[in-house]
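Colleague: How does the following fold in three dimensions:
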Amino acid sequence: MSLSKTFSALSEPNRQKILDLLKKGELSVNEIGKYLEVTTPTLSHHLDILKRADLISSRRQGQQIIYSLNFSILEEVAEKIAKFLAVKKAKK
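Modeller: This is a model prediction of the structure:
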């Protein structure tokens, strides 16, 4: 996992909103699209970036693709940030 890739993925407000929606549970691309004012290609692009950063995962269910939040990556990022801040604090 690359922190720069993760932070880059998290830097865009629509991607943050997607992650916020997925905190409540799995959603299809159509369900996610109801909450965002973006075109379908733009939504697909955001989902692809989040997947490449391992922040979300997907599975096929019939004709639909269902997305879910990858909590383990978020926990890993939080741990790395906490360790970084602890080192910075200790050096002061």
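
Colleague: Within its local environment, how many residues does the nearest residue to Thr40 once chain neighbours are set aside see?
Modeller: Among residues not flanking Thr40 along the chain, Gly33 sits closest, at 6.7 Å (Cβ to Cβ, 6 or more residues apart in numbering). The C-beta positions use only the backbone N, C-alpha and C, and glycine is treated the same way. Using other Cβ atoms under 10 Å, Gly33 is surrounded by 17 other residues.

Colleague: I figured Gly33 hits Ser44, correct?
Modeller: No: shown here, Gly33 and Ser44 do not form a contact pair, counting by Cβ atoms under 8 Å, at 9.7 Å.

Colleague: residue ranges with poor pLDDT in this structure?
Modeller: Along the chain, the parts satisfying pLDDT under 70 run over 1, 87-92.

Colleague: What ranges does it have for its strands?
Modeller: Taking DSSP state E to define them, one finds strands in the chain at 27-28, 56-61, 64-69.

Colleague: can you state the direction angle for the last one and strand 56-61?
Modeller: Translated: strand 64-69. Here strand 64-69 runs at an angle of 150 degrees relative to strand 56-61 (axes from the mean of the first three to the mean of the last three Cα atoms, to 10 degrees).

Colleague: Quick check: buried residues in strand 64-69?
Modeller: Within strand 64-69, the residues that qualify as buried are Ile66, Tyr67, Leu69, counting by 16 or more other Cβ atoms under 10 Å.
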